[in-house]
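prediction below, plus the sequence it came from.
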Amino acid sequence: MTTQLWIEGGNRLSGQVDVQGAKNGVLPILAATVLTRDVCIIENCPRLSDVEASVRILRHLGCTAWWEDGALVADTTNMDRFDIPDDLMREMRSSVIFLGAILARLGAAELSYPGGCELGPRPIDLHLRALRELGAEIEDRGGCLRCRAAGLQGTELTLALPSVGATENAILAAVGARGTTIICNAAREPEIVDLQRFLNACGAWVRGAGSSTIMVEGGATLHGCAHRCMGDRIVAATYLCAAAAAGGEARLTGVDYRQLSTVTAALTEAGCRIRSEPRGIAIERAGRLRAIRPVRTAPYPGFPTDAQAVLMAALLRSQGATVFVENIFENRYRHVDEMIRMGADIRVEGRVAVVCGVESLRGAVLRATDLRGGAALAVAALSAQGESTISCTEHIDRGYEDLARDLTALGAKIRRIQA
Ligand code: EPZ
């Protein structure tokens, strides 16, 4: 049963929404439960297809996992396998995040890793180099990884670039290694801080997450814990951009405004009024938005690549031209052609996209190309005259619990329909 999103644009927003738990926070935490050999209760866990994919992997490994009172419970006591089959790997490419934890738990891990995805090649060389420095022997047979580690040994390692996934894999392997590990040039994303919180609640010793240098004292026997996931800062950025695009006002709760400072700075420069609140953020947009200084995506705390498409969507009708430079992924402008179908004026040259604001956009028949690009089409459709439909919503469902539910709460005219 395929569904589409139907949107009637041109209406100002007004409403409030509690932002879901963070997809990119919960995925490494689900991998980390493997290290506890116990029961972990994950509260504020978003109900996403990527989370369901992780649950299928845990069950394949011999663990059990179930939803109880709104929380996801994982029991990894009886884990008895160390392989992730190709079909499960292909469902979600970030499944590679299980590698370090499986290796630390069982001394062996086998998984395939498909090549690129819709964002371009997704290499894992930094993951593998970090695990090898921790003592893993990894045979890479053309897409199938065979890893063995009699015992992982703590070490000092430096990542060639601050990769989120490689940082997380290194932390999880280091927790299961003997001795001290220092990870230099680590990614600083808030989701890594949340992973540290989870691991320390389970009895691990991890320090420095959020900075470029992370220290791990490995070898402790871990136990389960109850952990409340952080709010999803990219979902929050999406909803802020929706209010900026449609005009009106919105209040978001359940998210830390400090984690969105580059996004709120851009929207403020464009002419929005943004107020931080104890448990969230409020945004108001009255007049026409203005173009802003170049938006260059960068590792945290720089402007998040995951918010590039939704900010672009918000600026399609702004006054003037805004330059975007996508520095993280090679192919992250696939939403541009769909926006042009709505009357947007965007020119792409390699990593650079120039958005020239237009007076108006028209609703169109649209197709989601990837997770954040799909959400960006919904943002653009809110500011277009007339009706739009968006197909291939499975991309959007990977990261948004219920985009139609949340945007409706903000006053948008949007619903999910049968295709
Ligand atoms: C995480 O992906 C997020 N996914 C992505 O969110 C996010 O866009 C990305 O970090 C950057 O913030 C999850 O957390 C599940 P990286 P990840 O390793 O870990 C290169 C979304 O929309 N690289 O920081 O895969 C890589 O090619 C998703 O929610 C290597 O060269 O990102 C990219 O250019 C999309 N070798 C850059 O680093 C490696 O071994 C950043 O990738 C690993 C990465």
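Received it, and whenever you're ready, just let me know what you need.

could you report the neighbour count for the one residue in the stretch 151-300 of the chain that gets nearest to the ligand?
Residue nearest to the ligand within the stretch 151-300 of the chain: Gly165 (2.9 Å; Cβ to the nearest ligand atom). Every residue, glycine included, has its C-beta placed from N, CA and C. The burial count assigned to Gly165 is 21, neighbours taken as other Cβ atoms under 10 Å.

count of neighbours near the nearest residue to it once chain neighbours are set aside?
Nearest residue to Gly165 in three dimensions, chain neighbours excluded: Ile97, at 5.8 Å (Cβ to Cβ, 6 or more residues apart in numbering). Per other Cβ under 10 Å, the neighbour tally for Ile97 reads 27.

show the contacting residues for Ile97.
Under the criterion of Cβ atoms under 8 Å, 6 or more residues apart in numbering, the contact list for Ile97 reads Leu27, Pro28, Ala31, Gly165, Glu168, Asn169, Leu172.

secondary structure class for the first one?
What that stands for is Leu27. Three states are possible here, and by DSSP: H, G, I helix; E, B strand; the rest coil the one that applies to Leu27 is helix.

mind giving me a markdown table with the contacts of Ile97 and columns for pLDDT and secondary structure?
Putting the contacts of Ile97 into a markdown table (pLDDT from 0 to 100; DSSP: H, G, I helix; E, B strand; the rest coil) gives the following:
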| residue | pLDDT | secondary structure |
| --- | --- | --- |
| Leu27 | 97 | helix |
| Pro28 | 98 | helix |
| Ala31 | 98 | helix |
| Gly165 | 97 | helix |
| Glu168 | 98 | helix |
| Asn169 | 98 | helix |
| Leu172 | 98 | helix |
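
just the buried ones from those residues?
Leu27, Pro28, Ala31, Gly165, Glu168, Asn169, Leu172 (16 or more other Cβ atoms under 10 Å).

out of these, who's nearest Thr389?
Distance from Thr389 was checked for each of these by Cβ to Cβ. The minimum falls on Leu27, at 29.7 Å.

touching, Cys117 and Ser94? I think so.
No: using Cβ atoms under 8 Å, Cys117 is not in contact with Ser94, being 9.6 Å away.

comparing the two, which residue is more hemmed in?
Under the neighbour definition other Cβ under 10 Å, Cys117 and Ser94 were set side by side, and Ser94 has more, 20 against 16.

that one contacts Asp50, doesn't it?
Yes: between Ser94 and Asp50 a contact is recorded at 7.3 Å, counting by Cβ under 8 Å.

list residues touching both of the two?
Counting by Cβ under 8 Å, 6+ apart, the shared contacts of Ser94 and Asp50 are Leu27.

pretty sure Ala53 is touching Arg90, no?
No: taking Cβ under 8 Å as the contact criterion, Ala53 and Arg90 are not neighbours in contact, 9.7 Å apart.

and the buried ones among the contacts of Ile97 as JSON lines, adding distance to Ala384?
Supplementary listing: those in JSON lines, determined by distance: Cβ to Cβ, whole Å:
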{"residue": "Leu27", "distance to Ala384": "33"}
{"residue": "Pro28", "distance to Ala384": "37"}
{"residue": "Ala31", "distance to Ala384": "40"}
{"residue": "Gly165", "distance to Ala384": "35"}
{"residue": "Glu168", "distance to Ala384": "38"}
{"residue": "Asn169", "distance to Ala384": "41"}
{"residue": "Leu172", "distance to Ala384": "44"}
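
look at Ala53 and Arg90 and report which has more neighbours.
For Ala53 versus Arg90, neighbours defined as other Cβ under 10 Å are more numerous around Ala53 (20 against 14).

so that one sits in a strand?
No: with the criterion set as three-state DSSP, the secondary structure at Ala53 is helix rather than a strand.

next, the contact list for it, please.
Contact criterion Cβ under 8 Å, 6+ apart gives Leu88, Glu91, Met92, Ser95 as the residues in contact with Ala53.

could you rerun that using 7 Å?
Leu88, Glu91, Met92 (Cβ atoms under 7 Å, 6 or more residues apart in numbering).

near the ligand, list only the ones from those.
Intersecting the contacts of Ala53 with the contacts of the ligand gives an empty set (criterion: Cβ under 6 Å from any ligand atom).

now these in TSV, with neighbour count?
As requested, the contacts of Ala53 are exported to TSV (neighbours: other Cβ atoms under 10 Å):
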residue	neighbour count
Leu88	20
Glu91	16
Met92	21
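
is it possible to get JSON lines of those residues that adds distance to Gly135, pLDDT and secondary structure?
As requested, those are arranged in JSON lines below (distance: Cβ to Cβ, whole Å; pLDDT from 0 to 100; DSSP: H, G, I helix; E, B strand; the rest coil):
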{"residue": "Leu88", "distance to Gly135": "26", "pLDDT": "92", "secondary structure": "helix"}
{"residue": "Glu91", "distance to Gly135": "30", "pLDDT": "88", "secondary structure": "helix"}
{"residue": "Met92", "distance to Gly135": "27", "pLDDT": "86", "secondary structure": "coil"}
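
what residues are bridge-paired with Ala226?
According to DSSP bridges, Ile41 are recorded as the beta-bridge partners of Ala226.

now the stretch 201-350 of the chain against the ligand: closest residue?
In the stretch 201-350 of the chain, the residue found nearest to the ligand is Asp306; the distance is 4.4 Å by Cβ to the nearest ligand atom.

ok, how many other residues are close to that residue?
For Asp306, which is what you asked about, the neighbour count (other Cβ under 10 Å) is 24.

give me the below-cutoff pLDDT ranges for the stretch 1-150 of the chain.
114-116 (pLDDT under 70).

and it, which residues reach the ligand?
Those residues of the stretch 1-150 of the chain that sit near the ligand, judged by Cβ under 6 Å from any ligand atom, are Lys23, Asn24, Leu27, Ser94, Arg122, Pro123, Ile124, Asp125, Leu126, His127.

now with 8 Å?
Proximity of the stretch 1-150 of the chain to the ligand (Cβ under 8 Å from any ligand atom) is limited to residues 23-24, 27-28, 50, 93-94, 97, 119-129.

could you list which of the residues you listed belong to helices?
Counted as lying in helices by DSSP state H, out of these, are Lys23, Asn24, Leu27, Pro28, Asp50, Asp125, Leu126, His127, Leu128, Arg129.

many thanks, I have nothing further to ask.
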